[in-house]
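Asker: kindly generate the corresponding structure for this input.
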Amino acid sequence: MKFSESMNGSVNLGESLTLRGMQMGREFHPFNARSSRISLKQWKMFQAVVDFDGFTGAASHLHISQSAISYTLAKLQEQLGVSLLKIEGRKAQITEEGKILLDRSRDLVRNAMELEVLAENLRHGWGPEIRLAVDPSFPPQLLMLALRKLFPHSLNIRLSVEEMTLYQANIALHERTADLAITTQVPIGFEGSELIEIEHIAVAHPEHPLFCLKRQITLDDLEKQVQIVISGSGDRVSANANHLLPGYSRLWNVNGVDTAIDALRHGLGYAWLPKYRVQRWLDENKISILPLNNGASYKSHLHIIFGSSVGPKSGAKRFADVLCKLAENGPFPVDPKTS
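Answerer: Predicted structure coming up:
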């Protein structure tokens, strides 16, 4: 790594003498951590000299004089007892020791900046992380809209989003490993409110044997077929008793809606899935709605539940408020590539 900085005796006389003194056997005192007063400002100046091709570029970037940078770096090297820069001909080069310390100093400055941002977030009531457990049927587009709206104002907040079944979400809430949960039921002892209504439809591949019946399909017909279900989702029983599914169907459990759709597209079984997630495949005639005699759709209600650690001014509460407002305003856009 080289600098194109000229080392003539005009503007840069001070830095030239300083660097030449460093190169020509100047003694450094042994580094003593207890007496060290190295500041982030010193490291930032060192980084600027490297990043902006010398003292002139660094001075312009930092809006300070070259002599101030020269003095600061000389002091830094004296405190460290290590030469960071050396002169070869008329150019300054970073030393091998300087390269090592440069990388570590970048981590130091970045961590310090993140710490300041975190402190600012805490001052405004934000926590360091928002942990969200989400039902597989929840529209990801709605989640992305909420994130886009909220997070420009909450930089450096870590977000953890994990799809969970109702059972898994309940455990996460009780064990305090989730701040918010979006599920079909509000567990006893927790506060929650209705967020969104999801329509589920019974679908299968157009060439599935059920369509060969050429008539309305009964529950007796369904009990002879493989049913694809999302593990732990509870979709074998809808919110409406008129849509009870056979309790003795052959069940194939999969871990997500996308996997269920893939199974259907390959002609494997039937499933109750969120309509918005399968609309694309319906439009392309890759899957079809089953003509059930008691109705091929039902609606479920997703609620947002607050963990016991969520305070009224916390980041999780603010995120939930944004999500609820977006859900109320609906309808939300559906990306055809992901539906």
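
Asker: in the strand ranked longest in the chain, what counts as buried?
Answerer: In the chain, taking DSSP state E as the definition, the longest strand is strand 191-204. Under the neighbour-count criterion of 16 or more other C-beta atoms under 10 Å, strand 191-204 has 192, 195-196, 198, 200-204 buried. Heads up, the C-betas are built off the backbone N, CA and C, glycines and all.

Asker: same question for stretch 44-61.
Answerer: 44-46, 48-50, 52, 54-59.

Asker: quick check: the farthest pair among the residues you listed?
Answerer: Lys44 and Thr56 (16.7 Å; C-beta to C-beta).

Asker: list the helices and strands the longest strand of the chain packs on?
Answerer: If contacts are counted by 3 or more C-beta pairs under 8 Å, 6 or more residues apart in numbering; DSSP states H and E, strand 191-204 sits against strand 270-274, helix 275-283, strand 288-289, strand 297-306, helix 315-329.

Asker: quick check: angle from the first one to helix 275-283?
Answerer: Going back to what we said before, that points to strand 270-274. 120 degrees (axes from the mean of the first three to the mean of the last three C-alpha atoms, to 10 degrees).

Asker: please name every helix or strand in contact with strand 270-274.
Answerer: Looks like strand 270-274 contacts strand 191-204, strand 226-230, helix 257-265 (3+ C-beta pairs under 8 Å, 6+ apart).

Asker: residues in contact with the last one?
Answerer: When contacts are defined by C-beta atoms under 8 Å, 6 or more residues apart in numbering, helix 257-265 is touched by residues 136-137, 203-205, 228-230, 252, 254, 269-271, 273-274, 277-278, 281, 286-287.

Asker: rewinding a little: so the longest strand of the chain versus helix 257-265, what angle?
Answerer: Using the same axes, to 10 degrees: strand 191-204 against helix 257-265 is 20 degrees.

Asker: now stretch 266-283 - C-alpha only, CSV.
Answerer: Output in CSV follows, covering the C-alpha atoms of stretch 266-283 (Å, rounded to 0.1, in the frame of the first residue of the first chain):
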residue,chain,number,x,y,z
HIS,A,266,-45.4,-32.5,-8.7
GLY,A,267,-48.8,-34.1,-8.3
LEU,A,268,-48.4,-35.2,-4.7
GLY,A,269,-51.5,-34.9,-2.6
TYR,A,270,-53.7,-31.9,-1.8
ALA,A,271,-53.4,-29.1,0.7
TRP,A,272,-55.1,-26.2,2.4
LEU,A,273,-52.8,-23.2,1.7
PRO,A,274,-53.1,-19.4,1.9
LYS,A,275,-54.7,-18.2,-1.3
TYR,A,276,-52.2,-15.3,-1.7
ARG,A,277,-49.3,-17.7,-1.6
VAL,A,278,-50.7,-20.0,-4.4
GLN,A,279,-52.3,-17.3,-6.6
ARG,A,280,-49.4,-17.3,-9.1
TRP,A,281,-49.7,-21.1,-9.6
LEU,A,282,-53.5,-20.8,-9.9
ASP,A,283,-53.1,-18.2,-12.6
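
Asker: pLDDT below threshold where in the stretch 1-150 of the chain?
Answerer: 1-36, 90-91, 114, 117-128 (pLDDT under 70).

Asker: residue boundaries of the helices in it?
Answerer: 13-23, 40-51, 55-62, 66-80, 96-123, 140-150 (DSSP state H, counting those that start in this stretch).

Asker: OK, contacts around Leu302?
Answerer: Contacts of Leu302 by C-beta under 8 Å, 6+ apart are 135, 137-138, 182-184, 194-198.

Asker: out of the helices and strands packed on strand 270-274, flag the one nearest Leu166.
Answerer: strand 226-230 (10.5 Å).

Asker: name the helices or strands packed onto the closest one?
Answerer: Short answer (3+ C-beta pairs under 8 Å, 6+ apart): strand 226-230 packs on strand 250-254, helix 257-265, strand 270-274.

Asker: mind checking how far the second one is from the chain centre?
Answerer: The offset between the C-alpha centroid of helix 257-265 and the centroid of the whole chain comes to 25 Å, using C-alpha atoms, centre = their mean, to the nearest Å.

Asker: go on, stretch 299-317?
Answerer: Using C-alpha atoms, centre = their mean, the offset of stretch 299-317 from its chain centre is 18 Å.

Asker: in it, what's buried?
Answerer: Buried-residue list, stretch 299-317, by 16+ other C-beta under 10 Å: 300, 302-307, 310, 314-317.
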